[in-house]
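>>> Provided below are the primary sequence and the corresponding predicted coordinates.
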Amino acid sequence: MKSDVQSSPSDTPPSIILVGPHNSGKTTLFNGLTGSRYKTVNYPGSTVSYHKGKLIPALGSPTETATNACGSVSACGSVIVDTPGIQSLTACSLDQEVTYRFLFEKEVSKDVVVVVVDGTQLGRHLFLAEQIKECGFAIVLCVTMEDMLIEDGKCLNTEELSKQMKLPSVILDARKKGQLSRLISKVREVEKGMQPRRIQSPISPEEIPSRHQKTEAIEKQVLPGGFSGRKKQFHTDRLLLHPVWGFLIFLLIMFSTFSMIFWLAAPFMDQIDSAFGGIIAIAHTTLPASWMTDLFFDGLVAGIGSVMIFLPQIVILFLIMGLLEDTGYLARGALLVDKPLSLIGLNGRSFVPLLSGFACAIPAILASRTISSRWERIATIFIIPLMSCSARLPVYSLLLAFLLPREKPWMGGLALSGLYFLGLVWGSVFATILSKLPSFKKRQSVFLLELPAYRRPIFRVVWTSTLHSAMYYLKKAGPNIVLLSIGLWLLTHLPLTPSKQGQNSEYASVAHSYAGTLGHALKPVMDPMGLDWRSGVALIMGFAAREVFVSSMALLYRVDTVDSSPSDDAVQSGLLKRMKDITFENSSNKIFTVSSVLGLLFFFTVALQCIPTVITAKSEIGSWKIPLIQWVAFSGTAYIGAVILVQSLRFLGVS
């Protein structure tokens, strides 16, 4: 396989490279070896990430080993690399290709490769170890899931396994720190006197069947009777993978997950919102008034708050997903929904990110990392913003309250369900279009999934991984969102104008700010939607976050309760009363009518009106191209659809 990436420098220190199939316990082993002292790294020339960290001191340090053949203190035990999961050296997806490149980018290797295999699926997983061994790498074979073999009453003969595979072997439960020293001891033995090794190409495809036969035969010798727990797993899967009952159970679990992301996070999000709001309020009452103070607190501090407010949802999402993955259930859920999603060019791994999009697009995009195919991952990220996230709810609530009678709440519930369903419809439309494009169609993957054994999760391991994912979000998306918040503050408060009261300066009014100027410039664009320039400015403000639209409308249309820092309900109530009487400037024609409000509803259902989502998509994809196409496609469709809807209703006599 050809590689267009640059090779790493030849003087890089040796490492322990963890390689293994998906769900083999490789990442759990990595977490145990490094603790939380690791970072996510993008492979050169690729957006696929791998993990790199240092061995925790309790398990050993570089000083424990002598100087190696490279002339430097051995660092093999200090640098740990967790590569993307791979079933064999025949890479069939972008993440597997990264693992392949990582192994073969150097003709001579001084690293130790730890091949991690699942003891409950030993025969199939040993095939990868056989391939890597024949390429000339220094290898330690690490068999995981020891606890499940013990529960099954089986004992793996590691001495016979080492003899048959001609590799040093160790068996352990990767989730238990006390057992990790077994692996490090084997690595140290391999390191002693190890010379740099010349790497050969993998075996040809014609030899693969004979290697599978060999590894299956080895399993029978070292683990007589195999893992009988597969029979229990089969009976459980008959229920959980049933086309009717299994799907209902899956929907119940996913609904519970979605509810917890939305409802459980709400109190924490409210506390974060109140905390940052309180800090800003105290600053304005105690510090001297100046534009620098306002910029710092209303721009910078408020921007940090807009980053932190998403954190509870992200933590809850990854915690639940981690628990489901650790139990082995998440793979079953992906298998259940693979067939319906395949109709629109996606596969089963896309379902959880799409479902999470109903809570918030940002953690949903992060959850799409489980999709192995880069193009299917891009397609999933592409349509996630069409799922009606919680940020749309304040807007939906305001506009539906304007249209529907308060004494019939069932009509509001039905209309709200229709808006959510409309998002699913548009998502299916765009996903189908993408799946028909030649560049996408040629790269569609076959959904092959090896079902892991069921097991009890260890909360400590899942929590560590959850915290790392949360920190990744803060580091990657956080700075961009804060800069955006500062930029929007400047847009709505500048230019500064001389004060008539003799002070140095005062802010430009909203109408004469840069945002107001832009709003007036957009008047020809807003007229076909039946709206004025003030609504245009509110829509622009909504690109920072959709929920900002309501408060921006209240500010621009001079709702009195804004000045007294009201609750969201008070803002919405005051704005709702004001909307019924608002007219165009120098005209008696009302702005908000049935047609214009329905147009706004359509716009918010489709438009990608959330720049933090665009920024997060860019961080995950690694390029601005797709997010910009995404933004133009959704916002353009939303605008054109809203104009057609408004003008059609007016043509039919609906004002």
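Cool, the structure landed. Numbering: from 1, shown residues only.
>>> which non-adjacent residue is nearest residue 518?
Spatial nearest neighbour of residue 518, chain neighbours left out: residue 540 (6.5 Å); criterion: Cβ to Cβ, 6 or more residues apart in numbering. Glycine gets a C-beta too; all of them are placed from N, C-alpha and C.
>>> Going by secondary structure, that neighbour is in what exactly?
Assigned by DSSP states H and E, residue 540 falls within helix 533-542.
>>> So which elements touch that helix?
Contact here means 3 or more Cβ pairs under 8 Å, 6 or more residues apart in numbering; DSSP states H and E; on that basis helix 533-542 packs against helix 514-521, helix 523-526, helix 548-556.
>>> Nearest to residue 143, out of those helices?
Residue 143 sits nearest to helix 548-556 of all these, at 53.5 Å, using Cβ to Cβ.
>>> Output that closest one as PDB, restricted to C-alpha atoms.
Listed next in PDB are the C-alpha coordinates belonging to helix 548-556 (Å, rounded to 0.1, in the frame of the first residue of the first chain):
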ATOM      1  CA  VAL A 548     -29.800  33.700  21.100                       C
ATOM      2  CA  PHE A 549     -32.500  34.600  18.500                       C
ATOM      3  CA  VAL A 550     -35.200  35.000  21.100                       C
ATOM      4  CA  SER A 551     -33.200  37.400  23.300                       C
ATOM      5  CA  SER A 552     -31.900  39.300  20.200                       C
ATOM      6  CA  MET A 553     -35.500  39.800  19.000                       C
ATOM      7  CA  ALA A 554     -36.500  41.100  22.400                       C
ATOM      8  CA  LEU A 555     -33.600  43.600  22.300                       C
ATOM      9  CA  LEU A 556     -34.200  44.700  18.800                       C
END
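>>> any idea of the mean pLDDT in it?
Over the span of helix 548-556, the pLDDT mean works out to 72.
>>> Run the chain-centre distance for that helix.
In this view, helix 548-556 has its centroid 30 Å away from the chain centroid, taken as Cα atoms, centre = their mean, to the nearest Å.
>>> On the C-terminal side of the helix or strand bottoming out on mean pLDDT in the chain, identify the next helix or strand.
Least confident helix or strand, the chain: strand 38-42 with a mean of 56, by mean pLDDT, DSSP states H and E. Scanning forward in sequence from strand 38-42, with DSSP H and E defining helices and strands, the next element found is strand 49-54.
>>> For that following strand, name the packing helices and strands.
With contacts defined as 3+ Cβ pairs under 8 Å, 6+ apart, strand 49-54 has these neighbours: helix 26-34, strand 38-42, strand 79-82, helix 94-104.
>>> helix or strand right after the last one?
Next in sequence after helix 94-104, counting helices and strands by DSSP H and E, comes strand 108-109.
>>> Hmm, the residue nearest to residue 518 is touching residue 517, no?
No. Under the criterion of Cβ atoms under 8 Å, residue 540 is not in contact with residue 517, lying 11.2 Å apart.
>>> Compare those two (neighbour count), which wins?
Comparing residue 540 with residue 517 by neighbour count (other Cβ atoms under 10 Å), the higher total belongs to residue 540, at 20 against 16.
>>> And the more buried one, how close does it get to residue 408?
The spacing between residue 540 and residue 408, counted by Cβ to Cβ, to the nearest Å, is 34 Å.
>>> Then residue 235?
Separation of residue 235 from residue 408 (Cβ to Cβ) stands at 49 Å.
>>> Same question for residue 355.
When distance is defined by Cβ to Cβ, residue 355 is 30 Å away from residue 408.
>>> more crowded one of the two?
With other Cβ under 10 Å as the criterion, residue 355 and residue 408 differ in neighbour count, and residue 355 comes out ahead with 21 against 10.
>>> what's whichever strand or helix holds the more buried one packed up against?
Element membership of residue 355, judged by DSSP H and E, is helix 351-356. Other helices and strands packing on helix 351-356, by 3+ Cβ pairs under 8 Å, 6+ apart, are helix 245-259, helix 329-336, helix 361-367, helix 374-383.
>>> Just name the most buried of the ones you listed.
Highest mean neighbour count among these (mean count of other Cβ atoms under 10 Å): helix 361-367, with a mean of 26.
>>> Pull that helix out as CSV, backbone CA atoms only.
Provided in CSV are the C-alpha atoms of helix 361-367 (Å, rounded to 0.1, in the frame of the first residue of the first chain):
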residue,chain,number,x,y,z
ALA,A,361,-25.1,18.7,17.5
ILE,A,362,-21.7,19.3,19.1
PRO,A,363,-21.5,16.1,21.2
ALA,A,364,-23.3,14.2,18.4
ILE,A,365,-20.5,15.2,16.0
LEU,A,366,-17.9,14.0,18.5
ALA,A,367,-19.8,10.7,18.9
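>>> Can you report how many residues lie near the residue nearest to residue 600 when sequence neighbours are not counted?
Here the nearest residue to residue 600 in space, its sequence neighbours aside, is residue 399; by Cβ to Cβ, 6+ apart that works out to 5.8 Å. Residue 399: 24 surrounding residues under other Cβ under 10 Å.
>>> got it, and residue 577?
By other Cβ under 10 Å, the residues close to residue 577 number 10.
>>> what helix or strand is it on?
In the assignment (DSSP H and E), residue 577 maps to helix 568-579.
>>> just for the stretch 51-200 of the chain, where's the confidence low?
Counting by pLDDT under 70, the stretch 51-200 of the chain contains low-confidence ranges at 60-77, 91-95.
>>> the strands in it, which residues?
79-82, 108-109, 112-118, 138-144, 169-171, 197-198 (DSSP state E, counting those that start in this stretch).
>>> Helices of the stretch 101-250 of the chain, residue ranges please.
Defined through DSSP state H, counting those that start in this stretch, the helices belonging to the stretch 101-250 of the chain, from first to last, are 122-134, 146-151, 158-165, 180-191, 208-222, 229-240, 245-259.
>>> Of these, which is nearest residue 651?
With distances scored as Cβ to Cβ, the stretch of those nearest to residue 651 is helix 245-259 (39.7 Å).
>>> Average pLDDT for the closest one, rounded please.
Here the average pLDDT along helix 245-259 is 80.
>>> helices or strands next to it in the packing?
Counting contacts by 3+ Cβ pairs under 8 Å, 6+ apart, the secondary-structure elements packed against helix 245-259 are helix 229-240, helix 311-327, helix 329-336, helix 351-356.
>>> swap the cut-off to 6 Å and go again
Judged by 3 or more Cβ pairs under 6 Å, 6 or more residues apart in numbering; DSSP states H and E, helix 245-259 is in contact with helix 329-336.
>>> related to what we said a few turns ago, which one of the helices and strands packed on helix 533-542 lies nearest to residue 360?
Using Cβ to Cβ and comparing the helices and strands packed on helix 533-542, the one that lies nearest residue 360 is helix 548-556, at 14.9 Å.
>>> And the closest one, what does it pack against?
Other helices and strands packing on helix 548-556, by 3+ Cβ pairs under 6 Å, 6+ apart, are helix 393-403, helix 533-542, helix 568-579.
>>> ok, and which of the ones you listed has the densest surroundings?
By mean neighbour count, with neighbours taken as mean count of other Cβ under 10 Å, helix 533-542 ranks first of the helices and strands packed on helix 548-556 at a mean of 24.
>>> Alright, that wraps it up for me.
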